[in-house]
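Trainee: got a structure for you, letters missing:
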């Protein structure tokens, strides 16, 4: 069923995928889908294009629709291109109580974009997200796998300037 | 066998039967409406919540009530169970709530919808809904898309019953459409435009309870109640070849599977479901392609079509003469009597 | 000082490593269990302990375990629910990050008790860095012969795998979690069958919260009867509380169940009082889904008794005047907090997290969010408040999974206890515009 695509995983990635599928009983390799989508997203530019999803389907011998269904369900999978560095600011209850909206406002102003947008240079995408389990260290933001907590405007400035300087590529894995 | 009562009516059914199936045996008003459950599709049901009932007594052994309303389509009966559907005002109120929520994002475009007249949601809203909606915000909107050249998807009208997905999983050899996104953004989609290319894909139209999946070859041709349904068959190598033709004069406007009083595709004599193939459905639109058996038994009433089918009683014989068919034994009665809920009780 | 069982060693540098964990008594309970006790005896200890599920529902753990079907030749699974996503809750993250071996030790004892040879930790995707810590700890445990084949020469085999999610609150619901672990959309299953009969891959499965499994370690260490002496009534043992909001010392605290709420909020040992010396307005005591209570009802019950941190005391008065211990996500709001705006963040959350499978939740959560947004914009009417009430009542109890209730209860409680505030937004929106920043209108959608 899977389509042949022009892209392919690196050999070491394929090795990792084979290792992951061994975590599950025989015939239950679909369980590897979410971990493999994470890997694919990290390897192919921080988002899942139809082409990337078709590749995942091919590697895991699933139907493409099974991959689309799952990829579109989970909020960490981007089905549209995002900036190199994805900034996700939590805005639920405790974070809001502790000033998350000020952080979001500041980032919008600083990056000159609105929530959900990407800077013209393709460097940053700003997202407001729901509770990330960092309520006791609010406000907070996630950049790739890193949690940045107890944020202040000054701290955010320092972080974002740093990301820009190091040309940071955010990735969860 | 298991004995229980539904709205004080005793019924005895085999172990493993669901409350809804037991209620269907009683028939009539006691039977909860079902928008997502489909007895011919495995794992269907449980999603729409319109079939909820109150279980006043769980069983003889454990007489405690079930604290929340249960989906009758997915709840098995138990010995001594006491179920309330229409005899519980609380249950009817809860169902009205579900119906209101189901309609929140529904476009209410019945005047331009091909399903009008045979739409289960229309009936449901008429029978269980409130007079007006209290929803004042914009409804979610999707562009209609063509799933291949024969099937039209109006996602705006979809109530997420999952029946079409189960049809694709269970009776075609490869599903390429499914549910993407989540929450109220969830939609039926092929994700990237892809035709559902399978001999049995057209059955998604027959199982759709609303006008989300319609037959493009029938689009805007006629209101369904202006057509004359007749049962017909042909020798088909792919399917049972037993269909229902929806005609106007000698023109076959639409071909569907035959449906029973619950709106479900009927069974063949051997107990399998009489799904039909795409060739029969889409490509055999000449009256000469078919052997006419006689007028169809439309025994599932619809709020829109009810009065219109009533007139069929008068035109029935004309139709038969015109089509050169013969009355088919017991089926001479169009089943108009079934429109009367009191009559259904007696079935 | 409250007695500590789970976090007694979290301050020790290097406790996340196997070496330090073992130097501080780690894995002795597991050794005792595997070498000297039978699965039946272990199950009895857990039952005797009175331990209740720490994820939110509070179901007795021993009873849950005893429901596990044991058909011949069919594998059984233990799945640890580390999907912690209930707003206000971050205790599992703390525990896994700081003492990963406590969870692993608990998993070995629990799996042995249940007769499972494969166990999975399903951790929310955002906690990726924590999954790394867990994997490292698991690798250490394998290297030391604490996992894998023939553990410590006892003949017992166990493999533990970490599965990372990808952003979906609903996967904290145990059957949605199992679907997700099987590589599917996180749609809750229709029950029955319950996981104890047909769970992961259709096999008998126990799904327990991280803290619940960790608590098995001290229970086996001290014995179930001893554990049951801690706490109050049917709320035995200790509980991790995630404290956040307008308090001086937010963080994760281990409390003995039965601690007075007032002491928890104001004592230096715990929250250290309200920030800036302001007054307390309201508390969400057990994670976003439990009813919010105003000061007078969170500190004392309607009958005037001191409210305690226990399943029973927090629940006293039902939803009319009480709430729930839930997951222990304790969110504190000061006198300047807009209850309406806070509720809006909850409703937006549940709308975002609804899986879309069943109609009342799919359609109702979005509707509630939109009405709250309208009220915050100053465009609401008194009728809208009644409508909100009505919608939540139409969702509650009508859905496949408890997300319906989780979305409905906060709305009901906020209106029940703070109706005048909703009315002020509607009748005199000008009065709200000039106050603190968290009253701000035009929320980001």
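Mentor: Ah, there it is. None of these values were measured; they are calculated from a predicted model.
Trainee: Okay, the residue nearest to residue B:224 when sequence neighbours are not counted and residue C:132: tell me how far apart.
Mentor: Using Cβ to Cβ, 6 or more residues apart in numbering or on different chains and skipping residues adjacent in sequence, the residue nearest residue B:224 is residue B:117, 4.2 Å away. Bear in mind the C-beta positions are built from the backbone N, C-alpha and C, glycine included. Distance of residue B:117 to residue C:132, given as Cβ to Cβ, to the nearest Å: 59 Å.
Trainee: what helix or strand does residue C:341 sit in?
Mentor: Here residue C:341, judged by DSSP states H and E, is contained in helix C:339-353.
Trainee: The helix or strand just after that helix and chain A, any residue contact?
Mentor: Counting by DSSP H and E, the element after helix C:339-353 in chain order, helix or strand, is helix C:359-376. No: residues of helix C:359-376 are not located near chain A by Cβ under 8 Å from any Cβ of the partner chain, the shortest gap being 11.9 Å.
Trainee: In terms of secondary structure, what does helix C:359-376 contact?
Mentor: For helix C:359-376, the packing partners by 3 or more Cβ pairs under 8 Å, 6 or more residues apart in numbering or on different chains; DSSP states H and E come out as helix B:89-103, helix C:339-353, helix C:382-395, helix C:403-427.
Trainee: Of those, which is nearest chain A?
Mentor: Nearest to chain A, of all those, is helix C:339-353, at 4.9 Å by Cβ to the nearest Cβ.
Trainee: Tell me how far the closest one lies from the chain's centre.
Mentor: Its chain's C-alpha centre and that of helix C:339-353 lie 18 Å apart, by Cα atoms, centre = their mean, to the nearest Å.
Trainee: How about stretch C:387-401?
Mentor: Relative to the centre of its chain, stretch C:387-401 is centred 22 Å away, using Cα atoms, centre = their mean.
Trainee: First-to-last residue distance for that stretch?
Mentor: Taking Cα to Cα, to the nearest Å, the first and last residues of stretch C:387-401 lie 23 Å apart.
Trainee: again with stretch C:280-295
Mentor: End-to-end distance (Cα to Cα), stretch C:280-295: 6 Å.
Trainee: The helices and strands packed on helix C:359-376 into CSV, with extra columns for distance to residue C:244?
Mentor: As requested, those are arranged in CSV below (distance: least, Cβ to Cβ, whole Å):
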stretch, distance to residue C:244
helix B:89-103, 32
helix C:339-353, 12
helix C:382-395, 24
helix C:403-427, 16
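Trainee: I'd like those helices as TSV, with distance to chain A, mean pLDDT and mean neighbour count appended.
Mentor: TSV is the format used below for these (distance: least, Cβ to the nearest Cβ, whole Å; pLDDT from 0 to 100; neighbours: other Cβ atoms under 10 Å in any protein chain shown):
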stretch	distance to chain A	mean pLDDT	mean neighbour count
helix B:89-103	21	95	20
helix C:339-353	5	96	25
helix C:382-395	18	97	19
helix C:403-427	10	96	21
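Trainee: Which among the ones you listed is found nearest to residue A:63?
Mentor: Shortest distance between residue A:63 and those, using Cβ to Cβ, is found for helix C:339-353: 26.7 Å.
Trainee: Work out for me the element residue B:5 sits within.
Mentor: strand B:2-6.
Trainee: strands paired with the helix or strand just after that strand, and their directions?
Mentor: Next in sequence after strand B:2-6, counting helices and strands by DSSP H and E, comes strand B:9-13. Strand B:9-13 has the following strand partners under DSSP bridges: strand B:2-6 (antiparallel).
Trainee: Shouldn't residue C:63 be within a strand?
Mentor: No: assignment of residue C:63 by DSSP: H, G, I helix; E, B strand; the rest coil gives helix, placing it outside any strand.
Trainee: Quick check: it touching residue C:47?
Mentor: Yes: shown here, residue C:63 and residue C:47 form a contact pair, counting by Cβ atoms under 8 Å, at 7.1 Å.
Trainee: Okay, now the unreliable bits of the chain?
Mentor: No chain was given, so I picked chain A. Within chain A, the stretches with pLDDT under 70 are A:1-5.
Trainee: To clarify, I was referring to chain B.
Mentor: For chain B, the ranges with pLDDT under 70 are B:131, B:192-196, B:299-347.
Trainee: Can you name the residue of it nearest to chain C?
Mentor: residue B:97 (3.2 Å).
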